[in-house]
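Novice: one predicted model, sequence on top.
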Amino acid sequence: MATLTNPIEDQNIVDRYADYVRAAANTGIVWGTNSNPTHSDGTVVLDDSYFGGDTGGRGIGIGGGNLGGTGAVITASTIYNTLLTETHNYSRIRSVRARLNVTGGGGNTGSRPSPGIIYDQTNIAHMSDSYRVDLGSPSNNGVSSTSLITDEGLEGFFSTLRNSYNAARGSTVTVTTDVCHASCHSSCHGSRGRR
């Protein structure tokens with residue numbers, strides 16, 4: 001765990017931010033490129049194209065240079081905008097409801113004899129960028145050009161960003177995959193052979 005130093009340094013701000021948001025985001029991920037939601041019959045409900053990474057989470061996407069770099073003046077607006085954007089990028093790690101829907105009745109055999117939802121689970125998933133959540137404009141906690149930025153103000157801002165992320169993480173998105181019938185391969189190919 002990083003601590004804020006005096007005098008403050010750009011990389012130190014990023015490291016301490018990561019203790020708040022990155023740590024929260026990378027906890028408890030169940031689905032990703034290495035762990036797809038899968039029906040008991042082996043059908044993958046959401047394939048890798050839906051995911052932006054594995055269940056290990058997302059690495060930090062910024063460094064001290066994003067706040068100005070060595071020897072540069074670190075401004076409040078740069079801190080606010082850079083860390084808000086980075087939090088937005090973590091928001092793709094979120095609650096996802098994955099559903100598998102059988103759309104047709106023809107040819108159904110085995111585990112899916114009837115049309116309808118046959119898989120419906122919700123977990124935390126490491127989704128692709130298209131699933132990010134807009135975080136709005138959270139409070140700056142005194143990290144503004146009109147205030148002296150303090151350790152307490154930065155820590156408060158990091159906490160606000162973590163709270164904004166957690167709210168986004170908890171907003172569940174539903175993704176439904178449709179399949180035509182029970183066993184597309186055996187039903188389709190079996191019927192083709194009977195023609």
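Specialist: Okay, I see it. Residues are numbered from 1 along each chain as shown.
Novice: which pLDDT does the model give the spatially most central residue of the chain?
Specialist: Taking Cα atoms, centre = their mean, the centroid of the chain lies closest to Ile93, which sits 1.4 Å from it. Note on Ile93: pLDDT of 98.
Novice: for it, give its distance to Asp134.
Specialist: Per Cβ to Cβ, to the nearest Å, Ile93 is found 15 Å from Asp134. Placement of C-beta: from N, CA and C, glycine included.
Novice: could you do Thr70 as well?
Specialist: Taking Cβ to Cβ, one finds Thr70 at 33 Å from Asp134.
Novice: again, but for Gln11
Specialist: To Asp134, Gln11 is 28 Å away according to Cβ to Cβ.
Novice: ok, the two, which is more surrounded?
Specialist: Just comparing Gln11 and Asp134: by other Cβ atoms under 10 Å the higher neighbour count belongs to Gln11, 17 against 8.
Novice: report the buried residues of the host helix or strand of the more buried one.
Specialist: For Gln11, the element it lies in under DSSP states H and E is helix 10-25. Across helix 10-25, burial judged by 16 or more other Cβ atoms under 10 Å covers 10-18, 20-22, 24-25.
Novice: dump the residues you listed to a markdown table, plus distance to Asp54 and pLDDT.
Specialist: Formatted as a markdown table, the buried residues of helix 10-25 follow (distance: Cβ to Cβ, whole Å; pLDDT from 0 to 100):
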| residue | distance to Asp54 | pLDDT |
| --- | --- | --- |
| Asp10 | 29 | 89 |
| Gln11 | 26 | 90 |
| Asn12 | 29 | 90 |
| Ile13 | 28 | 92 |
| Val14 | 23 | 95 |
| Asp15 | 23 | 94 |
| Arg16 | 26 | 94 |
| Tyr17 | 22 | 96 |
| Ala18 | 18 | 96 |
| Tyr20 | 22 | 96 |
| Val21 | 19 | 97 |
| Arg22 | 15 | 97 |
| Ala24 | 18 | 97 |
| Ala25 | 13 | 98 |
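Novice: mind pulling up the pLDDT for His189?
Specialist: Reading off the confidence values, His189 has pLDDT 44.
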